Structure formats: structure tokens, C-alpha cells
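Visitor: Sequence isn't available, so here's the structure alone:
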Ligand SMILES: Nc1ncnc2c1ncn2[C@@H]1O[C@H](COP(=O)(O)OP(=O)(O)OP(=O)(O)O)[C@@H](O)[C@H]1O
Ligand SMILES: Cc1ncsc1CCO
Ligand SMILES: [Mg+2]
């Protein structure tokens, strides 16, 4: 059932969206070089600010200035993988909340070793697609019988529903090992699941065109870290995923309008607006979405 308009969670989500627009928090990223530019642009579009860094000591220095941080293991050059243990240990020693995107969890021994080690310095939020969430729970010994089809590169081979129990187990594990006692997991896909280990919410909406641009998930992780600067893990994860659904719906509508626009007909007959235009429209839509629109998006409790 859709949460009522006056539900306290909706009010907290609206507040988080508004606070990011007014406070412009900087959430530094240690993220892959495929989608780093899109991550930074998405953080800026929602009202936050960005700083990308790849050296452990430098990242620690930037993170010390921030209220939250983002780590994404998409491209594990030796210099990235060598830095990750020190970075995650430093974040947790300083009780800094952070978001992990376990990109392509299960693919290759280096990634497996790094993600397995992270259970000793766990994040505050994990944001990933269904396969990544199922595999990460297995790597941390939280197996609940859900088996993944294994990673298909960076894309999910599993449906969101099959990641529900692994997501809850991960959230509970992280909450137990986190100074604030609060954590969340966000599973993305055609619908999204967000849980703090106790409550679980299902989000609808969003455009399938998101699967036609690279970095939709990576940038969602970055924006989740931006919201984590001003809100609890559950509220940050909900706010970011709801913003993404509202903005991708708006961008898809604008794309349709462009393709049907009479005055653009000659251009559109030669070349219909597609994923490239959608990516730009999506950034515009992230910037245009209001706190009221984001907090009014559909949420049902599982
Ligand atoms: N079929 C779909 N329909 C609607 N929205 C979708 C669909 N698939 C993904 N999304 C949305 O796209 C965003 C990114 O989710 P996705 O599951 O594609 O992440 P990912 O696999 O980690 O992406 P990336 O390719 O960046 O690694 C989320 O906001 C999610 O709701
Ligand atoms: C395509 C791709 N390859 C490594 S990271 C990345 C970005 C999407 O996760
Ligand atoms: Mg991804």
C-alpha cells in the first residue's frame, strides 16, 4: 500500500532533498573511471558538490572535510585496489558514513578479495543491482539460501525480489557493525527495494532507458552518498532512489515530446532522440525535481 502523504518518512525525504539543495554538501568519491564524470554531474545536479580522488591519503584528507563518502569498485586498477583497505579503515575509524557500490561483485579474484575484506570495515549503505547484493551477502557469510546467477559483467542477472532477504541480512549486519547502529541497502532494477534490515520498501516508476546509459547505478550511488550527508541511511537511500525514478520518468517524457515535436521533425526523421539525449535530459530532470515531487513518489512497504 502506498505510504500516506503525511507519513513521517515522506517528510524526512522532502527535508533531505531540500537540505541538499540549500547546504550543497560535498561527498567525495573513490569511483570507477568509466562513469566518474556522470557521478560528479549527478551530484551537482541534485544540489550537492563533488570531489573525485584516487590516492588513499588524499582521499582520507578530503573525506575528513565531508559528512559522507562514496566508494565504487568498478575499475580495480592496482592503485585502486591497493588503496581500498586503508580508505575503508580510515572512514570507519573516523565514524564517517559511506556508501558502497559493489560493482560486478563475484567477478574475478581481486574483486572478490576486496569485497570480502570490506566486511571488516563495512559501509553504512550498500547500493547495487540484485546480483551484486546477493553475491555480497554470500561473500560476507550471510547466505540465506538465495543463489545468484552470477554477475553478467556489470549488469544484473537476477530479479530484484530475489535480493530481498540478502539485502535485509546485509543491512542488519552493517547496522550491528556501525557506530550509529543504522544502515541501509538499496537494490535497483525495474523496481527498487530499500531496507534498513527491519523495514523494507518497494519503489515503482523510473524509465527502462536508464539501462541504455552507463553509470545510472554508479551515479545513484554518488547521489545516495550526497543525501547521506544530511539524512539517516534509510532516508538517504529512499530519497536518492525516489529522485532517480521521478527524474528518469520526466526525462523519458521529455524525450518523447522531442521526438513528436513538429518543428523538430526534419531532424528527428534523420535521427530520433535516443540514449545520448536521454542522458542529458536526465541530468536536467535531476536538477529540476523538487522536494515535493520526490517525496510524493510511490512507496509501498513490503
Ligand atoms: N527496467 C528498468 N525500468 C525502470 N528503471 C530502471 C530499470 N532498470 C534500472 N532502472 C533504474 O536505473 C537506476 C540504476 O539501476 P540499475 O539496476 O540499472 O543499476 P546498475 O546495474 O548498477 O547500473 P550501472 O550500469 O550503472 O552499473 C535505478 O534508478 C533503477 O531504478
Ligand atoms: C561499464 C563499466 N565497466 C566497469 S565499471 C562500469 C560502469 C557501470 O557499472
Ligand atoms: Mg552498477
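Guide: Cool, the structure landed. No experiment lies behind these values; they were computed from the predicted model shown. Numbering: from 1, shown residues only. Ligands and ions are numbered 1, 2, ... in the order given.
Visitor: Does stretch 233-251 reach ligand 3?
Guide: No - for a cut-off given as Cβ under 5 Å from the ion, stretch 233-251 has no contacts with ligand 3; the smallest distance is 12.7 Å. From N, CA and C alone the C-beta is placed, and that goes for glycine too.
Visitor: chain center to that stretch, what's the gap?
Guide: Its chain's C-alpha centre and that of stretch 233-251 lie 9 Å apart, by Cα atoms, centre = their mean, to the nearest Å.
Visitor: Next, give phi and psi for residue 215.
Guide: phi 90, psi 10 (degrees, to the nearest 10).
Visitor: Let me fix that, I meant to ask about residue 31.
Guide: For residue 31, the backbone dihedrals are phi -140, psi 170 (criterion: degrees, to the nearest 10).
Visitor: just checking, it touches residue 218?
Guide: Yes - the pair formed by residue 31 and residue 218 meets the contact definition of Cβ atoms under 8 Å, at 6.4 Å.
Visitor: is it fair to say residue 70 lies in a strand?
Guide: Yes - judged by DSSP: H, G, I helix; E, B strand; the rest coil, residue 70 forms part of a strand.
Visitor: Skip the chain neighbours and tell me the closest residue to it.
Guide: Once flanking residues are discounted, residue 70 sits nearest to residue 225: 3.7 Å by Cβ to Cβ, 6 or more residues apart in numbering.
Visitor: Overlap in contacts, residue 31 and residue 218.
Guide: Where contact means Cβ atoms under 8 Å, 6 or more residues apart in numbering, the residues bridging residue 31 and residue 218 through contact with each are 39, 72, 74, 101.
Visitor: element containing the single nearest residue of the stretch 101-250 of the chain relative to ligand 1?
Guide: Of all residues in the stretch 101-250 of the chain, the one sitting closest to ligand 1 is residue 217 (2.2 Å; Cβ to the nearest ligand atom). Using DSSP states H and E, residue 217 sits in helix 216-228.
Visitor: can you tell if that helix touches ligand 3?
Guide: Yes - judged by Cβ under 5 Å from the ion, helix 216-228 comes into contact with ligand 3 through residue 217.
Visitor: returning to what we had before: quick one: which of residue 31 and residue 218 has more around it?
Guide: Each of residue 31 and residue 218 has its neighbours counted (other Cβ atoms under 10 Å); residue 31 has more, 30 against 24.
Visitor: and the more buried one, what does it touch?
Guide: 39, 52, 70-72, 74, 101, 218, 221-222 are the contacts of residue 31 under Cβ under 8 Å, 6+ apart.
Visitor: same for ligand 2: which of the residues you listed are within range?
Guide: Contacts with ligand 2 within those, as defined by Cβ under 6 Å from any ligand atom: 74, 218.
Visitor: I'd say the residue nearest to residue 70 and residue 99 touch.
Guide: Yes - Residue 225 is in contact with residue 99 according to Cβ under 8 Å; the separation is 4.3 Å.
Visitor: Quickly list what's touching both of those two.
Guide: By Cβ under 8 Å, 6+ apart, residue 225 and residue 99 have these common neighbours: 68-70, 125.
Visitor: between these, which is nearest ligand 3?
Guide: residue 70 (12.7 Å; Cβ to the ion).
Visitor: can you tell me the helix or strand for the nearest residue to residue 290 once chain neighbours are set aside?
Guide: Nearest non-adjacent residue to residue 290, counting by Cβ to Cβ, 6+ apart: residue 17, 7.6 Å away. Taking DSSP H and E as the definition, one finds residue 17 inside helix 8-23.
Visitor: so that helix versus helix 216-228, what angle?
Guide: Going by axes from the mean of the first three to the mean of the last three Cα atoms, to 10 degrees, helix 8-23 is angled at 90 degrees with respect to helix 216-228.
Visitor: re the thing from before, highest neighbour count among the shared contacts of residue 31 and residue 218?
Guide: Among these, where neighbours are counted by other Cβ under 10 Å, the top count belongs to residue 101, at 34 neighbours.
Visitor: who touches that residue in this structure?
Guide: Contact analysis of residue 101 by Cβ under 8 Å, 6+ apart lists 31, 70-74, 126-128, 132, 217-218, 221.
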